[in-house]
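> based on what follows, work out the 3D shape:
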Amino acid sequence: MGFYLRAIILLLVTAVTCNAVELASCSPAITTSSPPSDECCNKLREQKPCLCKYIKDPALGGMVNSPGAKKVANSCNVPFPQC
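Purely as a prediction, here's the structure:
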């Protein structure tokens, strides 16, 4: 059973499609003092494997690595990556 569980987890982790547009629902919380929505937190958790890619992208890094984004990650209980 342990092998199958690991295989399913591996499939779930590798099945994430990195698409920064998925995090659009987080924009209000990143740029203002409003709390993140449930949708934002769910999308942030879903896109967590992609965060380093976004941080390293010159077009996205400033927003994704901003204090507001770190605040949102903290509010959503998503550890901010050390890339």
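
> any idea how far the residue nearest the centre of the chain lies from Pro58?
Centroid-nearest residue in the chain: Leu44, 3.2 Å away (criterion: CA atoms, centre = their mean). Distance from Leu44 to Pro58, counting by CB to CB, to the nearest Å: 21 Å. Heads up, the C-betas are built off the backbone N, CA and C, glycines and all.

> I'd like to know which elements the helix or strand hosting Cys40 is packed against.
Per DSSP states H and E: Cys40 is located in helix 38-47. Helix 38-47 sits against helix 67-75, with contacts defined as 3 or more CB pairs under 8 Å, 6 or more residues apart in numbering; DSSP states H and E.

> specify the angle between the helix it packs on and helix 38-47 in degrees.
Angle between the axes of helix 67-75 and helix 38-47 is 90 degrees (criterion: axes from the mean of the first three to the mean of the last three CA atoms, to 10 degrees).

> contact partners for Cys50?
Shown in contact with Cys50 (CB atoms under 8 Å, 6 or more residues apart in numbering): 16, 18-20.

> hmm, which of those are the buried ones?
Burial by neighbour count, 16 or more other CB atoms under 10 Å: within the contacts of Cys50 this picks out Ala20.

> for the contacts of Cys50, which one is nearest Ser66?
Nearest to Ser66 among the contacts of Cys50 is Ala20, at 13.6 Å by CB to CB.

> correct me if wrong: that closest one contacts Tyr54.
Yes. Between Ala20 and Tyr54 there is a contact under CB atoms under 8 Å: 5.5 Å.
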